[in-house]
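[1] Please find the sequence and the predicted model below.
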Amino acid sequence: MPIVTTPLRPAFMLGCLALGLPALALAEAPGAPAAATAPAEAPLAPASRAAAPEEFRMWIDARAGTGDPVHWVSEGAVYEYPSGRKLVGMIGFDSSRVIWPEKPGDPVIHLTRKTYAYTDPETGEVLSEFNGQKVEPIAYPYQLISYRYENGRIYGDVEQGVGKAVQKIAAKTGMSWRWMGKDTLAITAPVFLDFPLPNGTRYEAWENYDFFIHRAGTNAEPHQMAWQRYGALPPFLGQGQGIYHLLSWRVESNADLPPRLRAWAEREKPMWLNPPRDIAEIRALQAGAAMEGWAR
């Protein structure tokens, strides 16, 4: 879930977007087509799902659902480093659906869109300004992820952007998995970022995602994720490094979103309450207006 200044966004997306995880680096596309208010169930191909390795099937089912849309909710904060002082809170969610292929072994398609907001560290209210600076929610209208399972690892190849700037980013290292006992599957994705910038400096950051997927009936909250990041603060907080931390869990409908988050989304980001309906909607978004981080 990286947060960076606008000039860095295209390059910085490579690490976490290739994982198909909730990166926080894109902004809403003005004039993007509205999502359907009653999305149809995504088609399932039981043969391809049944033939998938157990860990891969558990990952897909948890992350993108089994047909009806699902939503991953996130809550956390940004902390000043090294003091540990809480600077702002964060809330957000992504909405997802899945398309299993007809042929076993072909990539599984994950359609998603995500939005996150910064909040007052004390009251939890969504911020629109901070110390006189405008604070914009992070929101982007789609991400198309193709998951594959190779040599015991899970890979997520990502398609994003608009116009001539549409990018297809192939995952390089993938995500590892391991069992914690017999009922909890842990899927880990560390991200190490170190690359040169046009001004001659370097961008350095570290992130780690740990998903915990529990077998049905063994945990009251079967889908969980913890995310940490060490890197530059968002621009409205000024210079310096920060520690980011989010906890995430899944809900089965947007009616189950936390009340404050749901009210904000219904008021400010109604499009994000549903995932893209199908690949055709994503193709329409790709042909639409440019957006911050995704120039044409």
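    The structure has been received and is ready for your questions. Residues are numbered from 1 along each chain as shown.

[2] Give me the distance from the helix or strand hosting residue 284 to the chain's centre.
    With elements taken from DSSP states H and E, the one containing residue 284 is helix 279-286. Taking CA atoms, centre = their mean, to the nearest Å, the mean C-alpha location of helix 279-286 is offset from the chain mean by 18 Å.

[3] what's the answer for stretch 154-170, then?
    Here stretch 154-170 shows a centroid-to-chain-centroid distance of 14 Å under the convention CA atoms, centre = their mean.

[4] cool, stretch 206-214 as well?
    For stretch 206-214, the distance to the chain centre is 12 Å (CA atoms, centre = their mean).

[5] Then stretch 271-281?
    When C-alpha coordinates are averaged (CA atoms, centre = their mean), stretch 271-281 and its chain have centres 15 Å apart.

[6] Just the CA trace of it, in CSV.
    What follows is the C-alpha trace of stretch 271-281 in CSV, where atoms were taken according to Å, rounded to 0.1, in the frame of the first residue of the first chain:
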residue,chain,number,x,y,z
MET,A,271,-18.4,3.7,-7.6
TRP,A,272,-16.0,1.8,-5.3
LEU,A,273,-18.7,0.0,-3.5
ASN,A,274,-18.8,-2.5,-6.3
PRO,A,275,-16.0,-4.1,-8.3
PRO,A,276,-15.7,-3.9,-12.1
ARG,A,277,-18.6,-5.9,-13.6
ASP,A,278,-16.4,-7.6,-16.2
ILE,A,279,-13.4,-7.2,-18.4
ALA,A,280,-15.5,-5.1,-20.9
GLU,A,281,-15.9,-2.4,-18.2
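
[7] quick one: average pLDDT of that stretch?
    For stretch 271-281, mean pLDDT is 96.

[8] Would you mind listing the buried residues in it?
    By 16 or more other CB atoms under 10 Å, the buried positions in stretch 271-281 come out as 271, 272, 273, 274, 275, 276, 277, 278, 281. Bear in mind the C-beta positions are built from the backbone N, C-alpha and C, glycine included.

[9] Helix, strand, or coil at the residue of the chain most remote from its centre?
    When each C-alpha in the chain is compared with the mean C-alpha position (CA atoms, centre = their mean), residue 200 comes out farthest, at 29.7 Å. The three-state label given to residue 200 by DSSP: H, G, I helix; E, B strand; the rest coil is coil.

[10] try the one 10 residues further on
    Remark: residue 210 carries the secondary structure label strand [criterion: three-state DSSP].

[11] what bridges to it?
    As for beta bridges, residue 210 partners with residue 188, residue 226 under DSSP bridges.

[12] Fine by me, we can end here.
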